[in-house]
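Trainee: Sequence plus the predicted model coming up.
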Amino acid sequence: MTVIIRNASVLNEQGVLERKHIVVEKGVITALIDGNQETAGEAEIIEAEGKLLIPGLIDMHVHLREPGFEHKETIETGSRSAAKGGFTTIACMPNTRPVTDSAEVVQLVKEKAREAGLVKVLPYAAITVGELGRELTDFTALKEAGAIGFTDDGVGVQSAQMMKDAMKIAAGMDMPIIAHCEDNSLVVGGCVAEGTFADKHGLIGIPNESEAIHVGRDILLAEATGVHYHVCHVSTEQSVRLIRQAKEIGIKVTAEVCPHHLLLAEEDIPGLDANWKMNPPLRSRRDVEACIAGLLDGTLDMIVTDHAPHSEEEKAKGMELAPFGIVGFETAFPLLYTAFVATGKWDLSLLVQRMTADPARVFRLNTGSLTVGAPADLTLIDLEQEKEVDPAAFASKGHNTPFGGWKLKGWPVMTWVDGKNVWNELK
Ligand SMILES: NC(=O)N[C@@H](CC(=O)O)C(=O)O
Ligand SMILES: [Zn+2]
Ligand SMILES: [Zn+2]
């Protein structure tokens, strides 16, 4: 069945909005017709009424919690939350139970994602068995099973030798290493960043160096091994500086940043509420500004949510005992649109590129563009509708967000994956 999305606003190559009718056949974009021309033939018509149509959002860092932590999220609920947030491709982290350190778990994740039938789910596999940092996993078997990269996200790989060995093998297989950068010897029980909030509440602060020291170490190891090295959730000025310098001299490093690290500083934390606790923690205003500058100049290649659902009981344990992490799918685009695009600070095309074409380029994905022949992974966004964030209404099982009650514009209203409608608010 042919689907025609009529009268959509589409960004052209110059980043200017144009009125188009988008024709989708057998899951693929087959034509982009000028809005003043008529469309012909039998088709299901979706009237976009001038709403923004972009390539489906891509999120290369998410936690779906299955297997093992289904009370926090499942692959199905996480996929639905992603679709609702306008995401069509997501890459899930291996810190499940069991850890995704065997071909069986990679296959299980793929199978569950297929059953859910919503978004494209790309599994990462662990670097070390059980993410324990003691021995490397079987990279060949994991790649064959469908893993798209290796990471111990949730913890840093503490041994430089272990990381170097992992990079050597990954480089030989043309696979990326994705790193959660955190030196445990510099963390010692901190739950928020060093700064005014930690001082005020007598909490141990996490220093910036705990992240940046791994970034610096790994950049040197990436230079030595030639691997594609990707830095997770960059949050410090020092990390941005190191990545910028490494890129300048041609080291194969890429990086991601989360909406919360672009929007919030530690001094914004209103009180001892664990919905403001995540890893890496909210840092200083100076770090926020450095992350924004890094995203604008391309030092940071892409935006990811680090969607990290936890149950209400777990988050109720308070700032020191609750687990790190916040949900992200259903607020990411409207948050960034409202804060940076609606205010005139960023071009809309930059925000869209960092959430679509850039992750697709870095991870060589066949999606992320609105061109004839591309898969019809599409998101329709209502830029005018203004609405408060209501965590109780999330499709995710996790309601752990610091953004509850924020008034935002730019809400995704329809999502298609390979031409199949997987979310529709307009019905
Ligand atoms: N980001 C977080 O605060 N938490 C993540 C782990 C991680 O991304 O390191 C989680 O799994 O909950
Ligand atoms: Zn992490
Ligand atoms: Zn993570």
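Mentor: Alright, I've got the coordinates. Ligands and ions are numbered 1, 2, ... in the order given.

Trainee: quick one, what contacts the residue most central in space within the chain?
Mentor: Centroid check for the chain by Cα atoms, centre = their mean gives residue 304 as the closest residue, at 2.3 Å. Taking Cβ atoms under 8 Å, 6 or more residues apart in numbering, we find residue 304 in contact with 59, 60, 61, 62, 232, 233, 256, 257, 258, 359. For every residue, glycine as well, the C-beta is placed using N, CA and C.

Trainee: Are whichever strand or helix holds the first one and ligand 2 in contact anywhere?
Mentor: Using DSSP states H and E, residue 59 falls within strand 57-62. No - for a cut-off given as Cβ under 5 Å from the ion, strand 57-62 has no contacts with ligand 2; the smallest distance is 7.7 Å.

Trainee: gap between that strand and the chain center?
Mentor: 3 Å (Cα atoms, centre = their mean, to the nearest Å).

Trainee: May I see the buried residues of stretch 35-45?
Mentor: residue 43 (16 or more other Cβ atoms under 10 Å).

Trainee: Check what contacts that stretch and list those residues.
Mentor: Under the criterion Cβ under 8 Å, 6+ apart, residues 1, 2, 3, 4, 6, 7, 18, 19, 20, 21, 23, 33 lie in contact with stretch 35-45.

Trainee: cutoff 10 Å now
Mentor: The contact list for stretch 35-45 (Cβ atoms under 10 Å, 6 or more residues apart in numbering) reads 1-10, 18-25, 31, 33, 50, 421.

Trainee: Ok, stretch 266-273 next?
Mentor: 191-198, 200-201, 203, 205-206, 260, 275-277, 281-285, 287-288, 315-316, 318-320, 322, 400, 402.

Trainee: 6 Å instead, please
Mentor: Stretch 266-273 is contacted by residues 193, 195, 196, 197, 276, 282, 319 when judged by Cβ atoms under 6 Å, 6 or more residues apart in numbering.

Trainee: Please indicate which of those residues are buried?
Mentor: 193, 195, 197, 276, 282, 319.

Trainee: Verify the contact between the fifth one and residue 264 for me.
Mentor: Yes - counting by Cβ atoms under 6 Å, residue 282 touches residue 264, with 4.9 Å between them.

Trainee: ok so, going back, do you know how far the residue nearest to the residue nearest to the centre of the chain when sequence neighbours are not counted is from ligand 1?
Mentor: Spatial nearest neighbour of residue 304, chain neighbours left out: residue 61 (3.7 Å); criterion: Cβ to Cβ, 6 or more residues apart in numbering. Going from residue 61 to ligand 1 by Cβ to the nearest ligand atom, to the nearest Å gives 7 Å.

Trainee: was I right about residue 61 contacting residue 303?
Mentor: No - if you go by Cβ under 6 Å, residue 61 and residue 303 don't touch, sitting 9.6 Å apart.

Trainee: Can you tell me what sits against stretch 275-289?
Mentor: Contacts of stretch 275-289 (Cβ under 6 Å, 6+ apart): 191-193, 195, 206, 211, 233, 235-237, 264-266, 269, 319, 322, 324-326, 400, 402.

Trainee: so who does residue 93 touch?
Mentor: So residue 93 contacts 63, 124, 153 (Cβ under 6 Å, 6+ apart).

Trainee: Nearest spatial neighbour of it, chain-adjacent residues omitted?
Mentor: In space, residue 93 is closest to residue 153, 4.3 Å off (Cβ to Cβ, 6+ apart).

Trainee: any idea whether that neighbour is helix, strand or coil?
Mentor: coil (DSSP: H, G, I helix; E, B strand; the rest coil).

Trainee: Likewise for the one 3 residues further on?
Mentor: Following three-state DSSP, the label given to residue 156 is coil.

Trainee: Kindly provide the distance from it to ligand 3.
Mentor: As for residue 156, its distance to ligand 3 is 12 Å (criterion: Cβ to the ion, to the nearest Å).

Trainee: Same check on residue 171?
Mentor: Distance from residue 171 to ligand 3, by Cβ to the ion: 23 Å.

Trainee: Count the residues that sit near that residue.
Mentor: 19 (other Cβ atoms under 10 Å).

Trainee: That one should be in a strand, yeah?
Mentor: No - going by three-state DSSP, the assignment for residue 171 is helix, not a strand.

Trainee: near ligand 3, which residues of the stretch 251-400 of the chain show up?
Mentor: Residues of the stretch 251-400 of the chain lying near ligand 3 (Cβ under 5 Å from the ion): residue 306.

Trainee: could you pull out the strands for the stretch 251-400 of the chain?
Mentor: With DSSP state E, counting those that start in this stretch as the criterion, the stretch 251-400 of the chain has strands at 253-257, 302-303, 378-388.

Trainee: Next, count neighbours for whichever residue of the chain sits closest to ligand 2.
Mentor: At 3.5 Å from ligand 2, residue 180 is the closest residue in the chain, using Cβ to the ion. Residue 180 has 24 neighbours, counted by other Cβ under 10 Å.

Trainee: Please tell me how far it sits from residue 130.
Mentor: As judged by Cβ to Cβ, to the nearest Å, residue 180 and residue 130 stand 15 Å apart.

Trainee: Is any residue of stretch 141-151 near ligand 3?
Mentor: No - Stretch 141-151 is not in contact with ligand 3 by Cβ under 5 Å from the ion; minimum separation 8.7 Å.

Trainee: List of residues touching that stretch?
Mentor: With Cβ under 6 Å, 6+ apart as the test, stretch 141-151 has contacts from 103, 106-107, 110, 122-125, 127, 170, 173, 175-178.

Trainee: That stretch close to ligand 2?
Mentor: No - Stretch 141-151 stays out of contact with ligand 2 when judged by Cβ under 5 Å from the ion, the minimum separation being 8.3 Å.

Trainee: What are the buried residues along that stretch?
Mentor: 142, 143, 145, 147, 148, 149, 150, 151.

Trainee: now stretch 155-169
Mentor: 155, 156, 157, 162, 163, 164, 165, 166, 167, 169.

Trainee: Show me the strands in the stretch 101-250 of the chain, by range?
Mentor: 120-123, 177-179, 192-193, 205-206, 229-231.

Trainee: Throw those strands into CSV and include mean pLDDT, thanks.
Mentor: Below are the strands of the stretch 101-250 of the chain laid out as CSV (pLDDT from 0 to 100):
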stretch, mean pLDDT
strand 120-123, 99
strand 177-179, 99
strand 192-193, 98
strand 205-206, 98
strand 229-231, 99
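
Trainee: Any idea how far apart the tips of stretch 370-381 sit?
Mentor: In stretch 370-381, first residue to last residue: 15 Å (Cα to Cα, to the nearest Å).
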